[in-house]
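**Q** what's the 3D shape of this:
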Amino acid sequence: MEEVKSGKIERVLDIYSKLMAGSTVYKEQLATEFGVNEKSIQRDIDDIRDYLETHDQNGLLNSVIYDYSTRGYRLEQIYGIKLTNPEILAICKILLDSRAFTKDEMADILGRLIDNCVPRDNRKVVENLIRNEEFHYMELNHHTPFMDKMWQIGVAISKRSYIEITYKKLKEKEPVNMYNIF
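**A** Coordinates of the predicted model:
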């Protein structure tokens, strides 16, 4: 009896995860995948729907709906959680225009933003819009990864620590030391 419960729990969580990721789920396909009948899958979807209706988070009520055009179930309002296409495009353009990161760091950040913030159905559109700008991205001449250093500076500031920065001026040979307390 416990194996059935464990199987049902895993099945419901798997369906829930797929819906939260923005996927459309199909009863027939899920029934085959889990080796159960379609009525069991329908009950699972109804359980997820009931859960979502009683546990809204941050004032955003998600619900599982049947999409007649695709003949599958999807999560309505998932787009309220994710960034819109114009929002993600604006953030990507600001990052690219900042030229603050190496090409590898920038590619990693943009990839994660798109993967985690753009609904799956819209990813190709956003990727195509920034692909050309990413290709022509010109990192600064120092080619030094900056992300970890930025984090260390932020931690030092929060701890009110001293920071020593050594740099060279363009027209001078001697390095300059600068001390700051935050």
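**Q** If we ignore the residues flanking it in sequence, what's nearest residue 14?
**A** residue 34 (8.0 Å; Cβ to Cβ, 6 or more residues apart in numbering). Every residue, glycine included, has its C-beta placed from N, CA and C.
**Q** Was I right to think that neighbour contacts residue 11?
**A** Yes - at 5.0 Å, residue 34 counts as touching residue 11 under the criterion of Cβ atoms under 8 Å.
**Q** Now for those two: what residues contact both?
**A** Residues touching both residue 34 and residue 11 (Cβ atoms under 8 Å, 6 or more residues apart in numbering): residue 40.
**Q** May I see the buried residues of the longest helix along the chain?
**A** Determined from DSSP state H, the single longest helix within the chain is helix 2-20. Using 16 or more other Cβ atoms under 10 Å as the test for burial, helix 2-20 gives 8, 11-12, 15-16, 18-19.
**Q** nearest to residue 28, of the residues you listed?
**A** residue 15 (13.4 Å; Cβ to Cβ).
**Q** Residue nearest the middle of this protein, spatially speaking?
**A** Nearest to the geometric centre of the chain sits residue 116, at 1.5 Å (Cα atoms, centre = their mean).
**Q** mind listing what that one touches?
**A** Counting by Cβ under 8 Å, 6+ apart, residue 116 has no contacts.
**Q** in the helix or strand containing it, what counts as buried?
**A** Secondary structure from DSSP states H and E places residue 116 in helix 103-117. By 16+ other Cβ under 10 Å, the buried positions in helix 103-117 come out as 105-106, 109-110, 113-114, 117.
**Q** so residue 52 touches residue 65, yeah?
**A** No - using Cβ under 8 Å, residue 52 makes no contact with residue 65, being 10.7 Å away.
**Q** which residues are common contacts for the two?
**A** residue 75.
**Q** So between the two, which is more surrounded?
**A** Legend: neighbour count by other Cβ atoms under 10 Å for residue 52 and residue 65, higher for residue 52 (20 against 12).
**Q** now that one, nearest residue through space, not along the chain?
**A** Nearest non-adjacent residue to residue 52, counting by Cβ to Cβ, 6+ apart: residue 62, 4.9 Å away.
**Q** And the one you found, how close does it get to residue 132?
**A** Distance of residue 62 to residue 132, computed by Cβ to Cβ, to the nearest Å: 35 Å.
**Q** Residue 14 too?
**A** 38 Å.
**Q** what's the answer for residue 157, then?
**A** From residue 157 to residue 132 the distance is 36 Å (Cβ to Cβ).
**Q** mind listing what's buried in the helix or strand containing residue 90?
**A** Using DSSP H and E, residue 90 sits within helix 85-98. Buried residues in helix 85-98, counting neighbours by 16+ other Cβ under 10 Å, are found at 85, 88-89, 91-92, 95-96.
**Q** so what are the domain limits for this structure?
**A** Residue ranges for the domains of the chain, per automatic domain parsing: 2-80, 85-135, 147-181.
**Q** Fine by me, thanks again.
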